[in-house]
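J.: how would this look folded up:
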Amino acid sequence: MNRISRAKPANIRSVDEITDSRRLRRMRKADWSRRLVQENRLTVDDLIWPIFLIDGENRREEVAAMPGVYRYSVDLAAKEAKRAAGLGIPAIATFPNIDMKLRDRTGSDILNPDNLINRATRAIKDAAPEIGIITDVALDPFTDHGHDGILINGIIVNDETVAQIAEAAVLQAAAGADIIAPSDMMDGRIGAIRDALDGSGFQDVAIMSYATKFASAFYGPYREAIGTGGLLKGDKKTYYIDPANCDEAVRETEQDLAEGADMIMVKPGLPYLDIVRVLKDEFRMPTFAYQVSGEYSMIRAAAANGWIDGERAMMESLLAFKRAGCDGILTYFAPEVAERLSAGA
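T.: Have a look, this model is predicted:
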């Protein structure tokens, strides 16, 4: 049987011809079209502002290694929190630089209900009740050796540290903390904190786990800010994650979620965006990252030397967190970014 031959209509192109005619730049040609197809957006709702605390009144000290970042006394911290709330920033995270006389081998001042963190929490809640407060129960600001846990015979002991930070978490919740974010990386800390909070009537206080905190070189300026830079004896490699390890980060996160973490954090940020993506895809949980002090200072320093456009680098770096899968970002740039976003930048 003869087959009927049909000629291809002149206006129908081959697959190769169709491929050759694609022009991806068509949707980049104008501002309106770029906005239409933008895949990720940074908003003020993505920002958490870390602030540093010091004792005294009406005190503001710039952190030398972090231009534009300050330590605030409690009264000024409350005013800054009110300003942040006015900018629409959802939450702040507080980190203390306490008097050296209060630091000891066990970090015992963290168990003082009226310590710097707890006083600041109460003052901030009074000044800006609408803003969330995130507090850390790691011991490094409170120890005289700069480690995140109790040091005995040259070893950071796990279980004794966990018992102490669980007790401290209850005190922080009683002061008004909305989220406890333990950064110490001790095993079992999330479950212990959850049990302690629930047993003390703080079932509604959430836990943001520093699920994957790496033994990174990017923490230096932070340690200056909280006054531990010259104190640290040895390093933190026995309890922070090796920067080379991804599977271990997944196991750490899985364990923390099983123990009751409500959200997870990756720290540092930009060098570990691959970890953010892996964890978001694996667990589909609220996922945050911390743009740490070293990341902040590098951008500031390069901008100050005229090597990069600082404002563009700031915004681009934060957008990268969103692209990687972050639901929110802890960043020292938060007030500046919030102001730019409100101005339509």
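J.: from here on, contacts and neighbour counts on C-alpha atoms
T.: Will do.
J.: next, the residue nearest to the spatial centre of the chain: secondary structure please.
T.: Centroid-nearest residue in the chain, with Cα atoms, centre = their mean: Tyr290, separated by 2.8 Å. Using DSSP: H, G, I helix; E, B strand; the rest coil, the structure places Tyr290 in strand.
J.: who does it form a beta bridge with?
T.: Leu330 (DSSP bridges).
J.: right, and it touches Tyr332 too?
T.: No. Applying Cα atoms under 8 Å, one finds Tyr290 not in contact with Tyr332, separated by 9.4 Å.
J.: isn't Met314 right up against Ile299?
T.: Yes. Assessed by Cα under 8 Å, Met314 is found in contact with Ile299 at 7.1 Å.
J.: give me the common contacts of those two.
T.: Listed contacts common to Met314 and Ile299 are nil; contacts here mean Cα atoms under 8 Å, 6 or more residues apart in numbering.
J.: which residues touch Asp195?
T.: When contacts are counted by Cα under 8 Å, 6+ apart, Asp195 touches no other residue.
J.: and the gap between it and Gly188?
T.: 11 Å (Cα to Cα, to the nearest Å).
J.: kindly report the same for Ala128.
T.: Distance, Ala128 to Gly188, by Cα to Cα: 33 Å.
J.: so for the two, which sits in the more crowded spot?
T.: Ala128 (19 against 15; other Cα atoms under 10 Å).
J.: so what's the more buried one closest to, chain neighbours aside?
T.: Distance criterion Cα to Cα, 6 or more residues apart in numbering; nearest residue to Ala128, sequence neighbours excluded, is Lys82 at 5.0 Å.
J.: that neighbour: which element?
T.: helix 74-86 (DSSP states H and E).
J.: longest single helix anywhere in this structure?
T.: helix 158-175 (DSSP state H).
J.: which outside residues touch the very next helix or strand once past that helix?
T.: Using DSSP H and E, the helix or strand that follows helix 158-175 in sequence is strand 179-180. Strand 179-180 has contacts (Cα under 8 Å, 6+ apart) with 132-137, 169, 172-173, 205-208.
J.: swap in stretch 219-239?
T.: Residues contacting stretch 219-239 (Cα under 8 Å, 6+ apart): 52, 63, 65-66, 71, 95-98, 140-141, 144-147, 184-186, 215, 292-294, 297.
J.: swap in stretch 130-140?
T.: The contact list for stretch 130-140, computed with Cα under 8 Å, 6+ apart, reads 81, 85, 89-95, 106-107, 110, 117, 121, 125, 146-150, 165-166, 168-169, 172, 176-184, 228.
J.: tell me where the stretch 101-250 of the chain has helices.
T.: Secondary structure of the stretch 101-250 of the chain (DSSP state H, counting those that start in this stretch): helices located at 116-127, 158-175, 189-199, 220-225, 247-259.
J.: buried ones in stretch 327-341, by neighbour count?
T.: By 16 or more other Cα atoms under 10 Å, the buried positions in stretch 327-341 come out as 327-335, 337-338.
J.: let me fix that: stretch 315-322
T.: 315, 317-322.
J.: mind checking which of those are in helices?
T.: Using DSSP H, the buried residues of stretch 315-322 in helices are 315, 317-322.
J.: let me know the closest of those to Asp159.
T.: Nearest to Asp159 among these: Phe321, at 33.9 Å, using Cα to Cα.
J.: and the pLDDT at the closest one?
T.: Looking at Phe321, its pLDDT stands at 98.
J.: count the residues that sit near the closest residue to Glu62 other than its chain neighbours.
T.: Closest residue to Glu62 apart from its sequence neighbours, by Cα to Cα, 6+ apart: Tyr70 at 4.2 Å. Burial of Tyr70 is recorded as 20 neighbouring residues (other Cα under 10 Å).
J.: now the residue nearest to Ala217 when sequence neighbours are not counted: how far from Arg223?
T.: Once flanking residues are discounted, Ala217 sits nearest to Gly294: 7.9 Å by Cα to Cα, 6+ apart. According to Cα to Cα, Gly294 and Arg223 sit 10 Å apart.
J.: likewise Thr253?
T.: 25 Å.
J.: neighbour count for those two, which is higher?
T.: Shown here are Thr253 and Arg223; by other Cα under 10 Å, Thr253 has more neighbours (24 against 19).
J.: could you double-check that that one sits in contact with Ile264?
T.: Yes. Contact criterion Cα under 8 Å: Thr253 and Ile264 qualify, at 7.3 Å.
J.: now the common contact residues for these two.
T.: Shared contacts of Thr253 and Ile264, counting by Cα under 8 Å, 6+ apart, come down to Ala211.
J.: OK, contacts around Ala338?
T.: By Cα under 8 Å, 6+ apart, Ala338 lies in contact with 43-44, 87-89.
J.: ok, Ala175 next?
T.: Ala175 touches 113, 118-119, 121-122, counting by Cα under 8 Å, 6+ apart.
J.: cool, and Ser342?
T.: Leu87.
J.: equivalent analysis for Ile98, please.
T.: Here Ile98 is in contact with 53-55, 116, 141-142, 226-227 (Cα under 8 Å, 6+ apart).
J.: rerun that using 10 Å as the cut-off
T.: Shown in contact with Ile98 (Cα atoms under 10 Å, 6 or more residues apart in numbering): 53-55, 109, 115-117, 141-143, 226-227.
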